[in-house]
Structures are given as structure tokens and as C-alpha cells.
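Engineer: Test case, fold it:
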Amino acid sequence: MSSQHSQHSQHSQPAPSPAPSLTEVEAHGVERIPDADRTASPLDLFRLAFGGANTFSTCVLGAFPILFGLSFWQGLAATLLGVVAGALILCPMAVFGPVNGTNNAVASSAHLGVHGRVVGSFLSLLTAIAFFSISVWSSGDALVGGAHRLFGLERSTLSYVVAYALFAVLVLAVCVYGFRFMLFVNKVAVASASVLFVLGAIAFAGDFDPSYAGVFTASADAATKSMFWPSFIGAALIVLSNPVSFGAFLGDWSRYIPADAPRRRVVGAAFLSQIATLLPFVFGLATASIIAAKAPKYVDPAAPDFVGGLLAISPGWFFLPVCLLALIGGMSTGTTSLYGTGLDFSSVFPRLSRVQATVLVGVLSIAFIFIGRFGLDLVQSISTFATMIITCTTPWMVVMMLGFWTRRGWYDPDALQVFNRRQRGGRYWFSHGWNWRGMTAWWVSAVIGVLFTNIPGQFVGPLGDLANGVDISLPLSLAVAAALFLTLLRLFPEPRAAYGPDGPRLARTVDVPVPPITGPGTEPDTARPAATAAS
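Structural biologist: Numbering: from 1, shown residues only. Sure thing, here's the model as predicted:
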């Protein structure tokens, strides 16, 4: 298939096929979704992205400003900054799915190279494990704690093991069935979790005091006051990690949206889905301030226990809603985290089907959960892990978005699938399957971000103190990634064939032949001929 025909087929779509049944196991992997099967809408994207974050685990992240010592109003400002900035960074990543009909890791072949796309797969695996673990830990703890208060269930290791295992298996089952079942779960989760959060606002309204002052008061000593900005920025980064964590996953869901869907609606759906997460974030922030005032032992930075604190201050009638919120919300977060990684690893390991890869990643994640919960004390390192994820993921997203802009949104869907088919060559082969321009911009900016990271009491990079303790890792890595990538595109032009008929925007190109696609599914005499700028 020629690239021109590939592009044309995106815009001349046949009538959509009837949506498959919920209980029909999804057959599609990361190959381009046929136009007739792309029946999702931007509203479905909103439901999945919001449903995946309108959960108990987001409440846990929302409690971090209080854990960092901020007042309620300071914490609210940090939360707003993190959510809005994260939504702005995230939302352009939604367009790759409709344009290419595949996930974002596969689409990154165009900018990192046929082999370089494994970077996206690696980042999505880390993100999936982190947020799947957070959802299982927080939801399992809430279920056991609620059952203890309601029925006197002993809070034993066995109780937690059973809760985590049952919950993880439920999530894994939904992911195995695939996109339609996951969409159904999230439709239910968005409405029901929102109602439960409103009930929570009623439950805690009498105890909530917006004047909670935190530790950075006028009477605080100089050493404490000097930690305000590091704590404020650190809290904002924890919040920002939530929207950014969806960067590698948005294409998993938006690939089912037709290619001719207005891009502003797709981008808008992704943006609004994160703005809506202010509901669980503010719930977590407000309840954490109540816990800090009424049961401060639960927000001790040395051993925080938000779930235990929430149950300790809850009225008796809210125990059951807490359990339901943990179950519904955790299912939503767990499925959105695990589904995409299983999908992507079915292409990294071609002998595995989507179902087999999902089960494999799920089993590995479950093992990580049990080791982290009972063998180590990783729960307290959530903030460090989340910050490391955004430090490494945001430069990758910058390369993707600037690549989209310089290419004017033009891609060759056939050439994007070269890695998945175990082939060689094509428009995105570059240097032995690696586009060192995008790869260099990504790893240099990611390393700089790690060096400048400063999370109070958690992790301080070798250069983390250069800004008086303020964490400047994110803005620095964003700026370095953008400047370095655009500079490399100017100094070392990419092949003209990697760009569409309208040519590049801002970048330069060079006329070089493109190696034909060879390997499984091609024959030497029928391999696609080399393409040049004139093609």
C-alpha cells in the first residue's frame, strides 16, 4: 500500500461497523484500527480519561500538599497549578490516535525511529505499574479498613492479601476483555464515583475548616519558612504527575475515534477530562486537612496513612460509600493503567497476543504490589516514583508534539507498523532504526531533569539544590527538550520523505532515498521501492 493511499484511506471512511458486544474479547492489537471499527467519540475519550482519574488513588495524590505541610489554600493553589499545567501538557497527545489509528508508542516511531519507539513502551510500563499499584494499594486498604469498621474484620496480613488479589484479578479480567468492556466500566465509574464524592462532601462538611494553616505560618522558624517553595513546587509536581501519566496511554483509547473527528474536540476532551479531576483532588486535599486537624498521626510524613485517617474521621454511614468508592474508582484506574501496557507489549513481544501480554504485565504488576506492600516500604515512595515518571515522560511528549507540529500532522501509517511486523526499512528507519535526533533530545533532557529533581525528604538530585531547594526539573527538562530537538532538526535535517506533501514546518530536510520495507510479509521482488522526495 502506498503512503498516499494510506493517507487517503483515513479520510474516505466506510460506514461504521456495529459495536462489538461487551463480552467479546477485543481482537485488535496495535495494528491500525480499520476505519469501519472506529466508532468511539471524543466524549468516550473524556469518560475513559476522567474515569481513570476520578478515583480513590487520585484522592491519595490530592492529600500530598497537606503531607508536605501546606495550608488548605496553599494546597489548593498547588493543586490548581498542577492540574491545569498537566492538562495543557497532556491534551495534544490525544491527536495521535485518530490520525494514525494506533497507540502513541507506535506513533513515536516517526520521531524516535522504528526501534526508538520502545522508549514509549518502557515509559508506559513504568507508569502502568506505578498507578496500577497505587489503585490496588489504596482501594485494597480502604476495603479492608471499611470492612473492619463495618463487620469487625481483622486487619491482618491475610485480609490485605485477599483484598489485593481479588481486586487485581477483577481489573485484569476487564483488561483482557478489552476496550468496550473498559469503556462500560468507566461509564459507570464516572457517574457513580462523582455521586460518592458528593456524598463525601456532605459527610465531611461539618468538620471541614478552610482556614487549616499547615506548618508555614507567620510564627514558623526560619528553617521551616525556607522550605515553603520547595514544598509548594513538590506538591504541584505530585499533582501534575497524574495528568502527565496519561501521555503514553491516550492513543490506546483515541485510536478508536474516526480520523476525520475535529482535532479541537479530541484535544478539548483530553483537557477537560483532567480539569474534571479537581473533584477527587480537592476531596483528597480537604479530607487530608481534616485528618491533619483531628487525627494528625495519620498525616505524619514519616508514616502517612491517608486511607486509615479517612476512615478514622468518617461518620459511620459513610463507611459503605468509602468501600464502594474504593472498588469502583480502583477498577477504573487499574483498567486504564493496565490495558494500554498489555496492548503495547503485544507488539514488543510479537509471540504474545494482546490477551497474553496483558496477563503477563498484570502478573508482574501484582507481584510488584505484594513485594512493595509486604516486603519493602514502597508506599511511602509514591511521590518519588511519580516525579521520576513525569521527569522522564514529559521530554518524550515534547519530542512527540513538536514532531507532530514540524510534520504538519502527516504520517505514513504503513511505515509506523514496521517494528510490529518485524520488518526493516521504510520512511522512519533513519539510522538503523533509530532517529538519534529525537532520542538525544529525550535522554539528555530526561537526565537533566533527574539531576535537578528536589523532592523534600524523598529524593534530591546532584544538582537539586542549585535553585535554593526549589524543584526546577520539569520546566528545565521541558525547555531543554524543545530547544535541543528543534536545534537538531535544523542542524541535522531529516529525510524529506519523512514529511508530507506540504513539507516541513521550521525544520530542514535532505533528499536521500528511503530503504524499502523488507522482512516478514514482503518478498524481494515485491518489496516497496525506495522513496525519494519526489514520491
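
Engineer: what's the neighbour count on the closest residue to residue 458 other than its chain neighbours?
Structural biologist: Ranked by C-beta to C-beta, 6 or more residues apart in numbering and with sequence neighbours excluded, the top spatial neighbour of residue 458 is residue 384, at 4.5 Å. (C-beta placed from N, C-alpha, C; glycine too.) Applying other C-beta atoms under 10 Å, we find 16 residues neighbouring residue 384.

Engineer: So residue 384 versus residue 69, what's the distance?
Structural biologist: According to C-beta to C-beta, to the nearest Å, residue 384 stands 17 Å off from residue 69.

Engineer: How about residue 442?
Structural biologist: For residue 442 relative to residue 69 (C-beta to C-beta), the value is 34 Å.

Engineer: Looking at those two, which is more packed in?
Structural biologist: More neighbours surround residue 442 than the other of residue 442 and residue 69, with 30 against 22 (other C-beta under 10 Å).

Engineer: Going by secondary structure, the more buried one is in what exactly?
Structural biologist: Using DSSP states H and E, residue 442 sits in helix 436-451.

Engineer: Residue 269 now?
Structural biologist: helix 263-275.

Engineer: which residues sit against that helix?
Structural biologist: 42-43, 45-46, 48-50, 53, 83-84, 86-88, 90-95, 97-98, 242-243, 246, 250, 254, 257 (C-beta atoms under 8 Å, 6 or more residues apart in numbering).

Engineer: Please narrow the residues you listed to those residing in helices.
Structural biologist: Counted as lying in helices by DSSP state H, out of the contacts of helix 263-275, are 42-43, 45-46, 48-50, 83-84, 86-88, 90, 97-98, 242-243, 250, 254.

Engineer: Could you turn the buried ones of these into a PyMOL selection?
Structural biologist: Those of these that count as buried under 16 or more other C-beta atoms under 10 Å are selected in PyMOL with:
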select buried, resi 42+45+46+48+49+50+83+84+86+87+90+97+98+242+243+250+254
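
Engineer: on that earlier part again, could you point out which element follows the strand or helix carrying the residue nearest to residue 458?
Structural biologist: Element membership for residue 384 (DSSP H and E) is helix 382-406. Stepping forward along the backbone from helix 382-406, the first helix or strand reached (DSSP H and E) is helix 413-416.

Engineer: Quick check: mean pLDDT of that next one?
Structural biologist: Per-residue pLDDT values over helix 413-416 give a mean of 92.

Engineer: Output the below-cut-off pLDDT ranges for the stretch 351-500 of the chain.
Structural biologist: 375-383, 456-457 (pLDDT under 70).

Engineer: ok, and the closest non-adjacent residue to residue 304?
Structural biologist: Using C-beta to C-beta, 6+ apart, the closest residue to residue 304 is residue 67 (5.4 Å).

Engineer: go on, residue 492?
Structural biologist: Excluding the flanking residues, the one nearest residue 492 by C-beta to C-beta, 6+ apart is residue 437, at 6.1 Å.

Engineer: Report how many residues lie close to that neighbour.
Structural biologist: Residue 437: 26 neighbours (other C-beta under 10 Å).

Engineer: ok now do it, which residues does it touch?
Structural biologist: By C-beta under 8 Å, 6+ apart, the residues touching residue 437 are 485, 488-489, 492, 494.

Engineer: These into a markdown table, with extra columns for secondary structure, neighbour count and distance to residue 268?
Structural biologist: Formatted as a markdown table, the contacts of residue 437 follow (DSSP: H, G, I helix; E, B strand; the rest coil; neighbours: other C-beta atoms under 10 Å; distance: C-beta to C-beta, whole Å):
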| residue | secondary structure | neighbour count | distance to residue 268 |
| --- | --- | --- | --- |
| 485 | helix | 26 | 26 |
| 488 | helix | 19 | 31 |
| 489 | helix | 22 | 28 |
| 492 | coil | 12 | 35 |
| 494 | strand | 26 | 30 |
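
Engineer: The helix or strand containing residue 335: which residues count as buried?
Structural biologist: When elements are assigned from DSSP H and E, residue 335 belongs to helix 319-348. In terms of neighbour count (16+ other C-beta under 10 Å), helix 319-348 has its buried residues at 319, 321-348.

Engineer: again, but for stretch 90-101
Structural biologist: For stretch 90-101, a neighbour-count test (16+ other C-beta under 10 Å) marks 90-101 as buried.

Engineer: Need the single longest helix in the chain, by residues.
Structural biologist: From DSSP H, the single longest helix across the chain is helix 118-151.

Engineer: roughly how far apart are residue 321 and residue 137?
Structural biologist: 20 Å.

Engineer: swap in residue 477?
Structural biologist: On the measure of C-beta to C-beta, residue 477 and residue 137 end up 28 Å apart.

Engineer: Neighbour count for those two, which is higher?
Structural biologist: Neighbour count, other C-beta under 10 Å: between residue 477 and residue 137, residue 477 has more, with 28 against 24.

Engineer: Over to residue 153: give its phi and psi.
Structural biologist: When read as degrees, to the nearest 10, the backbone of residue 153 gives phi -60, psi 130.

Engineer: and it, what is it in contact with?
Structural biologist: If you count contacts by C-beta under 8 Å, 6+ apart, residue 153 has them with 144, 147, 159.

Engineer: which of the residues you listed tops the neighbour count?
Structural biologist: Highest neighbour count within the contacts of residue 153: residue 144, with 24 neighbours (other C-beta under 10 Å).

Engineer: pLDDT wise, what is that residue at?
Structural biologist: At residue 144, pLDDT is 85.

Engineer: likewise residue 194?
Structural biologist: pLDDT at residue 194 comes out at 84.

Engineer: so where does it fall, helix or strand?
Structural biologist: helix 179-204.

Engineer: for that helix, packing partners?
Structural biologist: Using 3 or more C-beta pairs under 8 Å, 6 or more residues apart in numbering; DSSP states H and E, the elements in contact with helix 179-204 are helix 42-51, helix 157-177, helix 278-294, helix 319-348.

Engineer: Which residues does the shortest one contact?
Structural biologist: What it means is helix 42-51. With contact meaning C-beta under 8 Å, 6+ apart, helix 42-51 is reached by 94, 182-183, 185-187, 189-190, 193, 246, 250, 253-254, 256-257, 261, 265-266, 268-270, 272-274, 276-277, 332, 336.

Engineer: Next, the angle helix 118-151 makes with the helix or strand hosting residue 363.
Structural biologist: Element membership for residue 363 (DSSP H and E) is helix 354-370. Helix 354-370 and helix 118-151 are oriented at 60 degrees to each other (axes from the mean of the first three to the mean of the last three C-alpha atoms, to 10 degrees).
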